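Colleague: Next comes the sequence, and after it the predicted model I'd like to discuss.
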Amino acid sequence: MDSNLIDEQKGYDQMVFVPFKLDKPQFEKTIECKESRIGKQPISVPSNVTITLDGRDLKVKGPLGELSRTYPREVKLERDENGTIRVKKALDTRRANQMHGLFRTLTDNMVVGVSKGFEKRLQLVGVGYRATVEGKDLVLSLGFSHPVRMEIPGDLKVKVEENTRIIISGYDKCNIGQFAASVRKWRPPEPYKGKGVRYANEVIRLKEGKAGKKK
């Protein structure tokens, strides 16, 4: 046999293979989840509000109405001797931290809603733009060929002042916001003169109109 082939074979036999060490997968690293500052705040319950807590189900009843909500497994509710409600994290995860602050806010909105209520105001801006309440409908004149009729949800109250100011009130803050957004959607404020339906105190950034051609 060729001596070169023999030497090459001996070289392979003498090679030593050293196993390399893999780093730990990224998902095994522990992530520190800070507690939400909003979530830590207790919720005071007025004397005219009744709280019913059954596992992850919460019912809140007050002089203005009744609301209920089912909570995710990431958070839990506790009630102390004074009737104060606390929303706490049930898991130490990033998602639980996000849910903590969110559901504390939602719970507080429920308590405030059934005891004091919420309202949202809209303003009509434009020549001939007007609104009226006819029975259970909100009727809008917004420059279309025909008026827009919107059925008012049963848990909401709508009042119109001076034909151009719409006041939406109720005990469910989410429903109020959704109905107000649906009204605004019919004629959002245009960017040049600001005509349309806007929220009260909403700031509209106007664009400069194009200058006409010089003769």
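Modeller: Perfect, thanks for sending it.

Colleague: Every contact and neighbour count from this point should use C-alpha atoms.
Modeller: Noted.

Colleague: Count the neighbours of residue 61 for me.
Modeller: 19 (other C-alpha atoms under 10 Å).

Colleague: In a strand, it, correct?
Modeller: Yes. Under DSSP: H, G, I helix; E, B strand; the rest coil, residue 61 falls within a strand.

Colleague: Can you get me a residue count around the nearest residue to it once chain neighbours are set aside?
Modeller: Of all residues not flanking residue 61 in the chain, residue 50 sits nearest, at 5.1 Å (C-alpha to C-alpha, 6 or more residues apart in numbering). By other C-alpha under 10 Å, the residues close to residue 50 number 16.

Colleague: Isn't residue 50 up against residue 60?
Modeller: Yes. Using C-alpha atoms under 8 Å, residue 50 makes contact with residue 60 at a distance of 5.8 Å.

Colleague: Pull the residues that contact the helix or strand that contains residue 86.
Modeller: Element membership for residue 86 (DSSP states H and E) is strand 85-89. Defining contact as C-alpha atoms under 8 Å, 6 or more residues apart in numbering, one finds that strand 85-89 is touched by 39-45, 74-79, 96-97, 100, 103-104.

Colleague: Can you tell me which of those are buried?
Modeller: 39, 42-43, 45, 74-77, 96-97, 100, 103-104 (16 or more other C-alpha atoms under 10 Å).
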